[in-house]
Each structure stands twice: as C-alpha cells, then as structure tokens.
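Trainee: Need coordinates for the below:
(2 chains)
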Amino acid sequence: MGASLATVWTLARKDLLLELRSKDIVLAIVVFALLVIAIFTFAIELTPSRARDVGPGVLWAAVAFAGVLGLNRSFAVEAEGDTLDGLMLTPVSRELIFFGKVLGNFIFITIAQVVIFPVFEALFNISVLQVETIVIALLASLGFAAVGTAFAAVSVRVRSREIMLPLLFLPTSVPLIMAAVESTSAVVDGGSWGDFSEWLQLAIAFDVIFMIASAVLFQFVLEE
Amino acid sequence: MTTSIQGASPMGTKNSVALAVQATGLEKSFGNAAVLRGLDMTVRDGEAVVIFGANGVGKSTLLRVLTTLTRPDYGSISIYGRDLSKQAEYARLSLGAVLHSPMLYGDMTIRENLNFFGKMFRVRDLPGRIEEMTDRLGLGPRMEQRTRELSHGYQKRAALARAMLHRPRILFLDEAETGLDEPARKVLDGVISEHRAAGHAVVMTTHSIERGIAESDRVFVLAGGRIALDAPSSHVTPNDVTGLYSDPSDA
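Mentor: Numbers count the residues shown, from 1 in each chain, chains lettered A, B, ... in the order given. Sure thing, here's the model as predicted:
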C-alpha cells in the first residue's frame, strides 16, 4: 500500500514539475474560466438577487469548460514524446498510472480554483469562500479529474482530440456539475449542510463510481 | 509457413535453454487491416535475434505487442515464463525497450528523467546506477540539459539509459541505430555486445540487413503477418532476407 502511494505521488510530482516549468495547464484553466466569468458579468445586469440565481451556474460552467482545456493539455504532454508508452513500459499497474494522473489533475484544477473563486466573488459580489463551498469544490475537482483523465486518455490517441474530450467529458459530468451548482446555490442563499446534503451525496457517489469505472476504462484505452 | 534454410535449427529445439520470449498464435488487426496473423516465435535467453521485414509489415506492432504496449487480439505471450495476460507487471521488470521515440519528458533533464523512471522501476542504489549509465553512454556533459534541447543522438543515448536502468534481461530495439552518427552507433553496439555477453537476450529490428545479420544469432523475416524465415544468422544471406520482402498490402 505504501509503495503504491509512493508511486502515485512520484507520478503526480512529475506532472507538477512539468507544470512548474511550462505553466500550461493551470494558466489555461484560470485564464479561460476568468474570461467566461468576466463575459457573464458584462452580459448580465447583475442585481444582488440575479447574481445569487445565476452565479453558481456561471461559476461551475466556467470551471468545467476551462477544466477541459487543462485536461487536454495534461495528456498532450504525454503524447508529445510518447512518454505514455514510457510509463506503460514500467512495472507499475495501469490503475496506479491512472491514479497518479488523477492526483496531478486534481491538484491543477484545485490550484486554478484558488484563483478563480476570489475573482468570481469580487465580480458577482456573492460569498463563495466558505467551508461548504471548499468541500464542494474539492469533490467537484476530484470528479472532474477522474472523468477527465480517462477521457483525455481516450482523446489523446485520436486526431481531433480537442473536440473529442469536451464531447465525452461535459455530458458525463452533468450530474457532478448539477450537484456543484445546487450545493453552491444553497450555500450562497445561507443554507446549512442539511439543505444540500443530497447533492453532496450525489457528488460523492459520482466521484466513487467514476473513479472506479475510469480506472478500468483507462487500462483498456492505453493498450489499444 | 516458415521458410527453412539448410543448417537452420527448428524453433524451440534447445529446450534446456530458458525461453526469453514465447509467442503463440499472435493476431492483431487495426480496423480491417490484419497486421499479425497467427504469428509464432521464440527467443532463447542469451540470444540476439533480428527481425527484418518490409516497411509497414508489422515489425513495430510486433515489438509493441511483445513489450505489453499493445494488446494482441488473439494469442499468448510469455516473457521469461511470465504470461503477459496475467503477469505483465512482473514481465516488464525483465524487459527494456528503445522504440522509435525516446519516451523522455522534453521539459525534464536527462537526470530528472532517469530519476523518475528509476523510481518507477524501484531501482536499487538509483543514484549509483544513474552515474554508471551516464559513464557507459557518455552522457556526462548533457545530464543537466532538458532532453528537448538535445540532438537526436543524445536523445537516443538517454533513451538507451532509460531502457537499461533497471538491468533488464531482454532488450527490444526498434531501428535503434536510425539517425545515429558513428560515435553514437559505436556506443549502441557496445551496449548490445555487453548485454549479450552478460547472457541476456536482444530482439531488434533494422533495415540495415548486413548489420542486422552480423549482430545477431538468429534472423526472423516477417511477411504476411507471420514469421516467414527463422534461421541462424550464419546461414542467412541478405538475398534470403530481401527475397521474402513483400508489399504489406498483399498480406
């Protein structure tokens, strides 16, 4: 178990080192998400009540769409030098490679959210920097990373990967996006944990199911 | 059907020698294109074999299948007795591969790449082993350079270091000498010789027929998705090889 965790961390740390040098993934997520949020602030006349109504939807749509860019990039790095083959030649199970990539992508999406949330809060003038929303954000990041990593592995081997990933990722992520939007809406309306516990359970169930299903899918995708 | 040449020993007759590779009935298609069609082959431990074949005949696919990178549609493979369908992770401990691309991270230095892959293989005394490979492959001055900044020759040397880091028993080389200058080619030849001298197996593909014959114990020619020739190198001439080349579209 300890050795497996060490391997997952070695894989994720490698992705962090590469990201530290290129800054491609986090920058792409942050810039795209902020652009979407900024466009909506200009497009909608933001009264306080309207901001509370549409804000959570705008926030999570922006994170989901921006996440696609980052996830695409995380596998493009592996495709460029055929390093995915290099990983597959190691005696590490495909599942551990998957979990390593998921951990790296989870960290990238989470770091991006650290920048996106305060800017969103300032522009929409609604408070999302709360413990509840941080928990929701972590659950959403994990789900996005799990689904996105598996589908990015599928997309990386096809010619039109930039189109393929959103077509696979966004429809599949609808339950998670709904759970995140509804939970965040409840929080900004002053609700307590009990008011959105069902949505949280949906997010947790989504994460568990797609973590397992994606890990299984990943190994078949890699060897085809 | 496998072509026989006078003096050739049939596959698998030296049963006392461990089998490094045993592949039976391998089939692999991409869409409607059948690349491997019931291919059988064995490689004995300590043996260097070369696989020849026309462009597009499936040499690289065969190496990808043997190195666990691609799953065959049918057939079984074992590497040193490890069945790849059940024990691929253990089998990968025994194999090293240099395929067409170096499989190194361009934004990481050679040392960082070797350190990363060494950890993935859980190489014992990793810093010492990296230094050993650095000296052996003449990588010293380039170790702290990012691999995307290196020449093709140094990228290949670094790829060889990655492939050899965990002391594999069998080395797969897919046209490894392509694009190498003379010094780099000598380094590659030296590594192959040492690997053979240590009693380990080598499976290589090359388009340089004379060189392939000279550097191997046994020659395979792949044609029509099968091994069309399996013979000791000492009994094979370049004409025997090219005579079996066929247009893959005929397969």
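Trainee: Would you map the helices across the chain?
Mentor: Here I'm looking at chain A. For chain A, applying DSSP state H gives helices covering A:2-22, A:24-43, A:48-80, A:83-88, A:94-124, A:131-155, A:161-172, A:174-188, A:197-222.
Trainee: my bad, the chain I had in mind was chain B
Mentor: Using DSSP H, helices in chain B cover B:59-66, B:84-94, B:110-120, B:126-136, B:152-164, B:182-197, B:209-214, B:238-242.
Trainee: before we move on, back to that, wait, which of the helices of chain A is closest to chain B?
Mentor: With Cβ to the nearest Cβ as the measure, helix A:83-88 is the member of these nearest chain B (3.3 Å). Just so you know, the C-beta spots here come from the backbone N, C-alpha and C atoms, and that holds for glycine as well.
Trainee: most packed of the helices of chain A?
Mentor: Among the helices of chain A, the stretch with the highest mean neighbour count (mean count of other Cβ atoms under 10 Å in any protein chain shown) is helix A:131-155, at a mean of 24.
Trainee: For chain B, tell me whether that helix is touching it.
Mentor: No. In terms of Cβ under 8 Å from any Cβ of the partner chain, no part of helix A:131-155 sits within range of chain B; the closest distance is 13.9 Å.
Trainee: how about the residue nearest the centre of chain A, what does it touch?
Mentor: What sits nearest the mean C-alpha location of chain A, by Cα atoms, centre = their mean, is residue A:144, with 3.5 Å. Contact analysis of residue A:144 by Cβ atoms under 8 Å, 6 or more residues apart in numbering or on different chains lists A:63, A:64, A:67, A:71, A:105, A:109, A:173, A:176.
Trainee: Give me the local confidence score for the last one.
Mentor: What that stands for is residue A:176. Per-residue pLDDT puts residue A:176 at 96.
Trainee: isn't residue B:241 right up against residue B:221?
Mentor: Yes. With contact defined as Cβ atoms under 8 Å, residue B:241 reaches residue B:221; the gap is 5.6 Å.
Trainee: hey, what's in contact with both of those two?
Mentor: Common neighbours of residue B:241 and residue B:221, using Cβ under 8 Å, 6+ apart, are B:52, B:229.
Trainee: Among these two, which residue is more densely surrounded?
Mentor: Between residue B:241 and residue B:221, residue B:221 has the larger neighbour count (other Cβ atoms under 10 Å in any protein chain shown), namely 26 against 22.
Trainee: Can you tell me who the more buried one pairs with across the strands?
Mentor: For residue B:221, the beta-bridge assignment (DSSP bridges) gives partners residue B:52, residue B:229.
Trainee: Around chain B, which positions in chain A sit nearby?
Mentor: Within chain A, the positions near chain B by Cβ under 8 Å from any Cβ are A:3, A:7, A:10-11, A:14, A:17-18, A:21-22, A:77, A:80-83, A:85-93, A:223-224.
Trainee: and if we set it to 7 Å?
Mentor: Within chain A, the positions lying close to chain B (Cβ under 7 Å from any Cβ of the partner chain) are A:7, A:10, A:14, A:17-18, A:21-22, A:80-83, A:85-86, A:88-93, A:223-224.
Trainee: need the contact list for residue A:21.
Mentor: Going by Cβ atoms under 7 Å, 6 or more residues apart in numbering or on different chains, residue A:21 touches residue B:107.
Trainee: Tell me the predicted confidence for it.
Mentor: On pLDDT, residue A:21 comes in at 91.
Trainee: now do the one 5 residues further on
Mentor: In the prediction, the pLDDT value recorded for residue A:26 is 89.
Trainee: wait, what's in contact with it?
Mentor: Residues near residue A:26 by Cβ under 7 Å, 6+ apart: A:19, A:108, A:111, A:112.
Trainee: how far away is the residue nearest to the centre of chain A from residue A:60?
Mentor: 10 Å (Cβ to Cβ, to the nearest Å).
Trainee: And the strands in the stretch 1-150 of chain B?
Mentor: Secondary structure of the stretch 1-150 of chain B (DSSP state E, counting those that start in this stretch): strands at B:19-30, B:33-44, B:48-52, B:74-79, B:82-83, B:95-98.
Trainee: Would you mark the buried spots in stretch B:95-112?
Mentor: Of all the residues in stretch B:95-112, those buried under the rule 16 or more other Cβ atoms under 10 Å in any protein chain shown are B:95-99, B:102-112.
Trainee: Output those of the residues you listed also counted as contacts of chain A.
Mentor: Residues of the buried residues of stretch B:95-112 in contact with chain A (Cβ under 7 Å from any Cβ): B:97, B:99, B:102, B:103, B:104, B:105, B:106, B:107, B:108.
Trainee: Of those, just say which sits nearest to residue B:68.
Mentor: residue B:97 (9.4 Å; Cβ to Cβ).
Trainee: hey, what's the residue nearest to that closest one when sequence neighbours are not counted bridged with?
Mentor: Take residue B:97 and drop its neighbours on the chain: the residue closest to it by Cβ to Cβ, 6 or more residues apart in numbering or on different chains is residue B:172, 4.2 Å away. Per DSSP bridges, the residues bridged to residue B:172 are residue B:97, residue B:203.
Trainee: residues in contact with residue B:172?
Mentor: Residue B:172 sits next to B:63, B:66, B:67, B:95, B:97, B:203 when contact means Cβ under 7 Å, 6+ apart.
Trainee: Let me see the contact set for the closest residue to the third one other than its chain neighbours.
Mentor: With sequence-adjacent residues excluded and distances taken as Cβ to Cβ, 6+ apart, residue B:67 is closest to residue B:97, at 4.8 Å. With contacts defined as Cβ under 7 Å, 6+ apart, residue B:97 is in contact with A:89, B:67, B:163, B:172.
Trainee: roughly how far apart are residue B:97 and residue B:159?
Mentor: Distance from residue B:97 to residue B:159, by Cβ to Cβ: 9 Å.
Trainee: same question, residue B:45
Mentor: Per Cβ to Cβ, residue B:45 is found 24 Å from residue B:159.
Trainee: Name the residue in the two with the higher neighbour count.
Mentor: Ranked by neighbour count (other Cβ under 10 Å), residue B:45 and residue B:159 place residue B:159 first, with 26 against 16.
Trainee: Low-confidence ranges, the chain, go.
Mentor: Picking chain A for this. Applying pLDDT under 70 to chain A flags residues A:224.
Trainee: Sorry, I should have been clearer: chain B.
Mentor: Short version for chain B, where the test is pLDDT under 70: B:1-17, B:246-251.
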